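*Asks:* dropping the sequence and predicted coords here.
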Protein chains: 2
Amino acid sequence: MRIRVPDDFHVHLRSGQMLTDVLPFTTRQFARALVMPNVPPILNAADVTRYRQEICALAPGSFQPLMAFKITPNTTTETIFDAHAAGAIAGKVYPLDITTGSEDGCAEIRDLFPCFDLLDQLGMVLSLHGEVPGVDDIDAETEFLPTLREIASAFPRLRIVLEHITTAEAVRVVESLPYTVAATITVHHLYLTMNDVHHGKLHPHNFCMPTAKRKRDRDALRAAATGGNPKFFLGTDTAPHEVNKKECADGCAGVFSAPVAIPLLVQLFDEMGVLDRRWEFASGFGARHYGLPLNDGTIELVAEPWVIQERYGIVVPF
Amino acid sequence: MRIRVPDDFHVHLRSGQMLTDVLPFTTRQFARALVMPNVPPILNAADVTRYRQEICALAPGSFQPLMAFKITPNTTTETIFDAHAAGAIAGKVYPLDITTGSEDGCAEIRDLFPCFDLLDQLGMVLSLHGEVPGVDDIDAETEFLPTLREIASAFPRLRIVLEHITTAEAVRVVESLPYTVAATITVHHLYLTMNDVHHGKLHPHNFCMPTAKRKRDRDALRAAATGGNPKFFLGTDTAPHEVNKKECADGCAGVFSAPVAIPLLVQLFDEMGVLDRRWEFASGFGARHYGLPLNDGTIELVAEPWVIQERYGIVVPF
């Protein structure tokens, strides 16, 4: 059976040696990937250009990195114009201190509305880490949903992506909003529940932000991912950290799923009997939302045993 | 100001070198401590006698360990008679695989009702780890509460302790049940919320079972602990693990609070303005529930700076 080559609309590739180590797992499976701008911080046109060059120097010619930049309280309209001119297709907003590389995140999202207006005018996409800081972890995403409604209402043409959703409530709200509002879903959130992170034992390699929630949330994500609604598409949020920054007293948030992302996704879609007709989750709906052409290539699926390494360099995989 | 010497109605002292390392922190602050029977497993009279001897050989004469044994699906009535004769004052029930040392825990609690009947006849206390296995972590304690009601209803004279409660709902249900049903509250659950465990960063040294819940739950525990209701008393659940069994891929549950338990509790009661009249939480209500005399001694509180070590031997403290 052949499936269309997928895109990953949410990856963390890092830089330097880490980039060298992890990039092949993404380029091997995906035609394109939207590279998140938190680590290293991508704040302006110069950062976008330099980071794309660093990635392209290590990637095969068939792979196309899609670039984003971070919108912070210091971002100016000029910064956005220039980043757009440098080829960035999305501006990403992190709440203050919510996850890795969000020390310069946003405390009051309404302060960024002038930036959102400009994204809208330029045809760029607004990418949101949708959690409210200072709120109990389990409620942090749900409490962001009124803000999502407010942004969607204030900017009715702006294309918005609520990233890495984890709750049934987020699925419901994204479904209820206009076509301009979509969401990415990770592979690990299609498998994990909170108990895989912090029940009985603590499992840092399953820990990410937002954290996995209840079983019923996981099942709602599975239904959304396999249901054929173009509002939901794949963004793996693969996020490598050195093992000693995960297995420590103050562990970083992030699941490194790149080596296993597509096999796990194919397995799930196959088990749910929808691999033949719902693969647009990984290969179509994201491109549509971002206004990009579909990939031409296809992959032949083969059922051969393979081995997941215990570590890839200094990173432990999902 | 002087306060009555406290008791700790829930400690994990371990054995061997770990016991030697951690015991002084408990004996220095508490006149008595109910020693939990999970690690090492205390399953019968012989275990009770041997473990008490091991503890007493290392403890000052002023300290009295209170002994418990673990009720498993294999526990017989004869076992309970003998454990009682050996001086055990409580039988502890762990749900299967819920935390450290619960591999022989209970899958169906009704199967243990004959044991509970005998505890009742012998005047022993039933100690419950109140979480339902296989349930989403945040709901695991709440979903146990109907079982607590059922046990209390089936055994109206049996003294029951719901251990280390973490939710406002558990406070409410324990309050609503007869005087025979009480609950312990740990020091760390009076301070932590879920965000201190798994939000933004992952903090294994704050991870225990049951996990810390929402802010409103923490506040309900504070109100219960300082409210003067004799149904709520101190059980620190101090639970040491070697640092490399906490900071790893598969981290053990347990917070080592012994070195800081009483100072943190005094600080909280003082901040809440109830240290003078609510100290029975730590020095009276537990003894009353277990039918033990009050301690005679008092401690003089002194406001002197002191240093919490980064590690005590191979254990990281709360």
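*Replies:* All right, it came through fine. Because the structure is a prediction, the values reported are computed rather than measured. Numbering: from 1, shown residues only, chains lettered A, B, ... in the order given.
*Asks:* now for A:T27, how many residues are close by?
*Replies:* 21 (other Cβ atoms under 10 Å in any protein chain shown). Just so you know, the C-beta spots here come from the backbone N, C-alpha and C atoms, and that holds for glycine as well.
*Asks:* quick check: which element contains it?
*Replies:* helix A:16-29 (DSSP states H and E).
*Asks:* same question, A:T184
*Replies:* Using DSSP H and E, A:T184 maps to strand A:181-185.
*Asks:* roughly how far is that strand from the heart of the chain?
*Replies:* Offset of strand A:181-185 from its chain centre (Cα atoms, centre = their mean, to the nearest Å): 9 Å.
*Asks:* how about that strand as PDB, C-alpha atoms only?
*Replies:* What follows is strand A:181-185 as a C-alpha-only set of coordinates in PDB (Å, rounded to 0.1, in the frame of the first residue of the first chain):
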ATOM      1  CA  VAL A 181      -9.100  27.900  13.100                       C
ATOM      2  CA  ALA A 182      -7.400  24.600  13.000                       C
ATOM      3  CA  ALA A 183      -5.300  22.500  15.400                       C
ATOM      4  CA  THR A 184      -2.300  20.200  15.300                       C
ATOM      5  CA  ILE A 185      -2.200  16.900  17.100                       C
END
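*Asks:* direction included, what does it pair against?
*Replies:* strand A:159-162 (parallel), strand A:232-234 (parallel) (DSSP bridges).
*Asks:* still on that earlier bit, show me what the helix holding A:T27 is packed up against.
*Replies:* strand A:7-11, helix A:45-58, helix A:261-271 (3 or more Cβ pairs under 8 Å, 6 or more residues apart in numbering or on different chains; DSSP states H and E).
*Asks:* what comes into contact with the last one?
*Replies:* Applying Cβ atoms under 8 Å, 6 or more residues apart in numbering or on different chains, the contact partners of helix A:261-271 are A:3, A:6, A:8, A:25, A:29-30, A:187, A:190-191, A:222, A:225-226, A:234, A:236, A:238, A:257, A:275, A:278-279, A:281-282, A:301, A:306, A:318.
*Asks:* what of the first one?
*Replies:* By Cβ under 8 Å, 6+ apart, the surrounding residues in contact with strand A:7-11 are A:26, A:29-36, A:66, A:127, A:161, A:163-164, A:184, A:186, A:233-238, A:258, A:261, A:282-283, A:286-287, A:290, A:292, A:295.
*Asks:* centre of the chain to stretch A:121-133, how far?
*Replies:* Using Cα atoms, centre = their mean, the offset of stretch A:121-133 from its chain centre is 12 Å.
*Asks:* just the CA atoms of it, as CSV, please.
*Replies:* Presented in CSV, the C-alpha positions along stretch A:121-133 are these (Å, rounded to 0.1, in the frame of the first residue of the first chain):
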residue,chain,number,x,y,z
GLN,A,121,-2.7,41.4,6.3
LEU,A,122,0.4,39.5,5.2
GLY,A,123,-1.4,36.1,4.8
MET,A,124,0.7,34.5,7.6
VAL,A,125,-0.5,32.0,10.0
LEU,A,126,-0.8,32.5,13.8
SER,A,127,0.5,29.6,15.7
LEU,A,128,-0.5,29.4,19.4
HIS,A,129,0.8,27.5,22.4
GLY,A,130,-2.6,27.4,24.0
GLU,A,131,-2.1,27.3,27.7
VAL,A,132,-2.7,29.9,30.4
PRO,A,133,0.3,30.4,32.7
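*Asks:* for that stretch, which positions count as buried?
*Replies:* In terms of neighbour count (16 or more other Cβ atoms under 10 Å in any protein chain shown), stretch A:121-133 has its buried residues at A:124-133.
*Asks:* among the residues you listed, which lie within strands?
*Replies:* A:125-128 (DSSP state E).
*Asks:* okay, now the nearest residue to A:R2 once chain neighbours are set aside: neighbour count?
*Replies:* Leaving aside its sequence neighbours, A:R2 sits nearest to A:T298 (Cβ to Cβ, 6 or more residues apart in numbering or on different chains; 4.2 Å). For A:T298, the neighbour count with other Cβ under 10 Å is 12.
*Asks:* does A:T298 really touch A:M1, like I thought?
*Replies:* No: if you go by Cβ atoms under 8 Å, A:T298 and A:M1 don't touch, sitting 9.7 Å apart.
*Asks:* which residues are in contact with A:R172?
*Replies:* By Cβ under 8 Å, 6+ apart, A:R172 lies in contact with A:A220.
*Asks:* can you check A:L126 too?
*Replies:* A:L126 touches A:90-91, A:93, A:116, A:119, A:151, A:155, A:158-161, counting by Cβ under 8 Å, 6+ apart.
*Asks:* 6 Å instead, please
*Replies:* Shown in contact with A:L126 (Cβ atoms under 6 Å, 6 or more residues apart in numbering or on different chains): A:91, A:116, A:119, A:158, A:160.
*Asks:* for A:A59, same thing?
*Replies:* Counting by Cβ under 6 Å, 6+ apart, A:A59 has contacts A:T27.
*Asks:* chain B contacts on chain A?
*Replies:* A:136-138, A:194-195, A:198-199, A:201-202, A:204-205, A:207, A:211, A:214-215, A:247-251 (Cβ under 6 Å from any Cβ of the partner chain).
*Asks:* got a PyMOL select line for the buried ones in these?
*Replies:* Burial among the residues of chain A next to chain B is assessed by 16+ other Cβ under 10 Å; the matching PyMOL selection reads:
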select buried, chain A and resi 136+137+138+194+195+198+199+201+202+204+205+207+211+214+247+248+251
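*Asks:* just checking, which of the residues of chain A next to chain B belong to helices?
*Replies:* The helices, defined by DSSP state H, take in A:195, A:198, A:215 from the residues of chain A next to chain B.
*Asks:* using JSON lines, please lay out those together with pLDDT.
*Replies:* Shown next, in JSON lines, are these (pLDDT from 0 to 100):
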{"residue": "A:N195", "pLDDT": "98"}
{"residue": "A:H198", "pLDDT": "97"}
{"residue": "A:K215", "pLDDT": "98"}
